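Peer 1: Compute the structure for the input listed below.
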Amino acid sequence: MSTRYIFNPDNFDGTCLTTIDTNTGKIAYTQLNWDEYNAAHGGNLQALEWDDFYHNWIKPHELKLQGEWIECAEADYDEMLNILPPLKYREINGFETFFVGEATTGTLFQMYACKNGKYWTALRDATRSPDDLGKELLELVKVDLSIERLAVCDSNRDAA
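Peer 2: Residues are numbered from 1 along each chain as shown. The predicted model follows:
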């Protein structure tokens, strides 16, 4: 059986509508063929094999969902650490890190990190390498140090 994944490229939200068996030409869970199904859904659907669908649509969509790291409270960090068994609980570049044990979507999980009494969270791909995540985490410390330096400079200027 050869399967293609059907989706609407005009308002793609990270999901496929259904699949088509290319051997029978039938849409899953219906007796419709491609032309009938496509016409019933506006006529602009696409059907791709998994690799094409995943790499050209799913992964770019997941990248868009990943926002900036935000600082969070220790209590939030502890709650998320204990609410479900953590996924990939480990140390990366001096940060204690983990992913909450349930995916938000696909391979995206809420990730938490702490170092030196500061806590952060962001939606991240759990399949990324520790090296890639480590580089990103080190940027958090650089930004944090820059903000602290600015605050010291401002307080020194105000005292003068």
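Peer 1: For residue 20, what is the enclosing helix or strand?
Peer 2: strand 18-21 (DSSP states H and E).
Peer 1: in its sheet, what does that strand sit against?
Peer 2: Using DSSP bridges, the strands paired with strand 18-21 are strand 3-7 (antiparallel), strand 26-27 (antiparallel).
Peer 1: If we go by neighbour counts, what in that strand is buried?
Peer 2: Residues of strand 18-21 classed as buried by neighbour count (16 or more other C-beta atoms under 10 Å): 18-20. Placement of C-beta: from N, CA and C, glycine included.
Peer 1: Then stretch 7-17?
Peer 2: For stretch 7-17, by 16+ other C-beta under 10 Å, it's 7, 16.
Peer 1: So what's the gap between it and the chain middle?
Peer 2: Between the centre of stretch 7-17 and the centre of its host chain there is 17 Å, according to C-alpha atoms, centre = their mean, to the nearest Å.
Peer 1: could I get the strands paired with strand 18-21 as JSON lines with distance to residue 54?
Peer 2: Output for the strands paired with strand 18-21, formatted as JSON lines (distance: least, C-beta to C-beta, whole Å):
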{"stretch": "strand 3-7", "distance to residue 54": "9"}
{"stretch": "strand 26-27", "distance to residue 54": "20"}
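Peer 1: Look up the residues forming beta bridges with residue 125.
Peer 2: Where residue 125 sits in a bridge, its partners, by DSSP bridges, are residue 108.
Peer 1: Pull the contacting residues for it.
Peer 2: Residue 125 makes contact with 62, 66, 107-109, according to C-beta atoms under 8 Å, 6 or more residues apart in numbering.
Peer 1: which residues sit against the one helix or strand residue 78 maps to?
Peer 2: Counting by DSSP H and E, the element that carries residue 78 is helix 74-83. Contact partners of helix 74-83, identified using C-beta under 8 Å, 6+ apart, comprise 89, 98, 100, 110, 112, 114, 117, 119, 121.
Peer 1: would you list every one of the helices in this structure?
Peer 2: 34-40, 50-53, 59-65, 74-83, 130-159 (DSSP state H).
Peer 1: Format those as TSV; extra columns: mean neighbour count.
Peer 2: Formatted as TSV, those follow (neighbours: other C-beta atoms under 10 Å):
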stretch	mean neighbour count
helix 34-40	14
helix 50-53	13
helix 59-65	13
helix 74-83	13
helix 130-159	12
